[in-house]
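Asker: coords please:
(one chain, ligands or ions: 1)
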Amino acid sequence: MQNVFTSILVLMFLAGCGAKRADSADGSGNYADSSAMVAEAPDAVAFDADSAYAYLGRQVEFGPRVPNTEAHAKAGDWMAAELRRHGAEVIEQKMDLEAFDGTILHARNIFGQYNPGEEDRTLLLAHYDCRPWADEDPDPDKRKQPVDGANDGASGVAVLLEIARQISAANPKKGIDILFVDAEDWGTEGDDDSWAMGTRYFVHNPVKPGYQPARVIVADMVGGAGALFPIEYFSQQSAPDLVTELWNAASASGYGSLFPRQMGGAVTDDHVEFIKQGIPAVDIIEYHPRTGFNPHWHTTKDNLENIDKNTLRAVGTTLVRYLEL
Ligand SMILES: [Zn+2]
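Answerer: Numbering: from 1, shown residues only. As a prediction, the model looks like this:
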């Protein structure tokens, strides 16, 4: 994903709302300090952060899940098998996609459904591919290495796999879909269409005839230490009610300090492809008002050492509460 502060669209937004963007709730200019995270309400919802962390570690063990590599293929097989083990009806959507640099990506979206007969459907989405180059690494010698993607890739998948496990246990009579998309992160700055290629394919090539979710929730970079999740700009534009429900679920779970009710960045991510089709979509994504994405974003330090289980717990618990599992 990329931050699109520099795009015309966002410049227009900044012209209108720029002053608000940097404000904090108390006017101090500071966002809530996530280290001060305390339970604001009884945490009655079960989300097993240890299990989610294990799912995250398993992905990292495969190696960087860069398209066209063995690690990527093996991780995809494993994720599809995990969804099936947790009772989802799984469809694997395979496609060849041409990246901005001409590389043909042998890509695969992995889609799991619960209660496929239900008409009203909530789609939970995370990308699982890793960026092929750590081009934000402070060390120029490392910028051609792939990233581990512990946060950028594995964290969202880990939270959603744990939710799949919980759905399988709770067996709610709800239409819930989980989609692991490919080829999100082979993009280049300034070219919006070079990102989210797997999701774009999914949106334009229905995995089932007539498939259309009522709402989409993306979890991206949800495992970083010290993460904050202010409201992403395109999410607020497309789905203000869903934003409110999710941020309420965070507060009710005791994680209001990690989900400040303030505008964060404007991010080109998978949710935008659904928004373009008129489907409300929200991106839960780490963002800091001054520094932007996680400091290890697209660097070789996006590894297990910089993952905090408590961040996984905050996001997972919020989603479980929202879904009323
Ligand atoms: Zn990325």
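Asker: Show me what the host helix or strand of residue 319 is packed up against.
Answerer: Using DSSP states H and E, residue 319 maps to helix 309-323. On a contact count with 3 or more C-beta pairs under 8 Å, 6 or more residues apart in numbering; DSSP states H and E, helix 309-323 meets helix 49-62, helix 154-170, strand 215-220, helix 240-252. For the C-beta atoms, the positions are set from N, CA and C on the backbone; glycine is no exception.
Asker: what is the mean pLDDT for the shortest one?
Answerer: Strand 215-220 shows a mean pLDDT of 98 in the predicted model.
Asker: how about the next helix-or-strand element following it: buried residues?
Answerer: Per DSSP H and E, the first helix or strand lying C-terminal to strand 215-220 is helix 233-238. By neighbour count with 16 or more other C-beta atoms under 10 Å, helix 233-238 contains the buried residues 233, 234, 235, 236, 238.
Asker: got a list of what the nearest residue to residue 100 once chain neighbours are set aside touches?
Answerer: In space, and not counting its chain neighbours, residue 100 is closest to residue 194: 3.9 Å by C-beta to C-beta, 6 or more residues apart in numbering. Counting by C-beta atoms under 8 Å, 6 or more residues apart in numbering, residue 194 makes contact with 99, 100, 186, 187, 188.
Asker: burial count for the second one?
Answerer: What it means is residue 100. Neighbour count for residue 100, taken as other C-beta atoms under 10 Å: 13.
Asker: Over to it. Which of the three states is it?
Answerer: Here residue 100 is coil, with the state taken from DSSP: H, G, I helix; E, B strand; the rest coil.
Asker: any idea how far it lies from the ion?
Answerer: Using C-beta to the ion, to the nearest Å, we find residue 100 at a distance of 15 Å from the ion.
Asker: my guess is that residue contacts residue 189, does it?
Answerer: No - taking contacts as C-beta atoms under 8 Å, residue 100 lies outside contact range of residue 189: 10.4 Å.
Asker: ok so, going back, pLDDT at the residue nearest to residue 100, what is it?
Answerer: Residue 194 carries a pLDDT value of 95.
Asker: Next one: it from residue 108, what distance?
Answerer: In this view, residue 194 and residue 108 are 19 Å apart by C-beta to C-beta, to the nearest Å.
Asker: next one: residue 174
Answerer: Counting by C-beta to C-beta - residue 174 and residue 108 are separated by 26 Å.
Asker: Between those two, which has more neighbouring residues?
Answerer: Looking at residue 174 and residue 108 with other C-beta under 10 Å, you find the greater number of neighbours at residue 108, namely 23 against 16.
Asker: For residue 210, grab the count of nearby residues.
Answerer: 5.
Asker: now do residue 205
Answerer: Around residue 205 there are 10 other residues, counting by other C-beta under 10 Å.
Asker: go on, residue 190?
Answerer: By the measure other C-beta under 10 Å, the count of residues near residue 190 is 10.
Asker: where's it relative to the ion, distance?
Answerer: Residue 190 sits 15 Å away from the ion, going by C-beta to the ion.
Asker: Need the pLDDT of that residue.
Answerer: pLDDT, residue 190: 89.
Asker: Pretty sure it sits in a helix.
Answerer: No - going by three-state DSSP, the assignment for residue 190 is coil, not a helix.
Asker: residues contacting the nearest residue to residue 129 once chain neighbours are set aside?
Answerer: Counting by C-beta to C-beta, 6+ apart, residue 182 is the residue found nearest to residue 129 once chain neighbours are left out, at 5.1 Å. For residue 182, the contact set (C-beta under 8 Å, 6+ apart) comprises 67, 76, 105, 107, 108, 109, 127, 128, 129, 197, 198.
Asker: Now the stretch 201-325 of the chain against the ion: closest residue?
Answerer: residue 298 (5.7 Å; C-beta to the ion).
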